[in-house]
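Chemist: no FASTA, just this:
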């Protein structure tokens, strides 16, 4: 079993999918050890796309569940890293 299971979740329209995405992440909350959100921002702009990095707790079963739920959110792409 991997010591670190990391999911990169790219969101192409944070504003449009935020409610559905937040619900999905909340539903999986007990399997998410770490969550970091990244997006471009400066004095004039706040990007509509972004990246969420998740550290998953619970092995492959938990990771598969999170991926299955997040894939239902429009505009979401997922990449997985195992260490």
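Modeler: Great, that's in hand. Just so you know, these numbers come straight off a predicted model, no measurement behind them.
Chemist: Could you use CA atoms for every contact and neighbour count after this?
Modeler: Fine.
Chemist: which helix is the longest one in the protein?
Modeler: In terms of residue count, the longest helix belonging to the chain (DSSP state H) is helix 14-27.
Chemist: Next SSE downstream of that helix?
Modeler: As assigned by DSSP states H and E, the chain's next helix or strand after helix 14-27 is strand 32-38.
Chemist: And that next one, what's buried?
Modeler: Buried residues in strand 32-38, counted by 16 or more other CA atoms under 10 Å: residue 32.
Chemist: now the helix or strand of the chain with the lowest mean pLDDT against strand 32-38, angle please.
Modeler: Within the chain, confidence by mean pLDDT, DSSP states H and E is lowest for helix 14-27 among all helices and strands, at a mean of 91. Between the axes of helix 14-27 and strand 32-38, defined by axes from the mean of the first three to the mean of the last three CA atoms, to 10 degrees, the angle is 170 degrees.
Chemist: Next, the buried residues of helix 14-27.
Modeler: Of all the residues in helix 14-27, those buried under the rule 16+ other CA under 10 Å are 14, 21, 24, 25.
Chemist: low-scoring stretches of the chain, by residue?
Modeler: Under the criterion pLDDT under 70, the flagged ranges of the chain are 1-2.
Chemist: Spatially, what comes nearest to residue 63 if we skip its sequence neighbours?
Modeler: Spatial nearest neighbour of residue 63, excluding adjacent residues (CA to CA, 6 or more residues apart in numbering): residue 56 at 6.2 Å.
Chemist: what's the answer for residue 7, then?
Modeler: residue 80 (4.6 Å).
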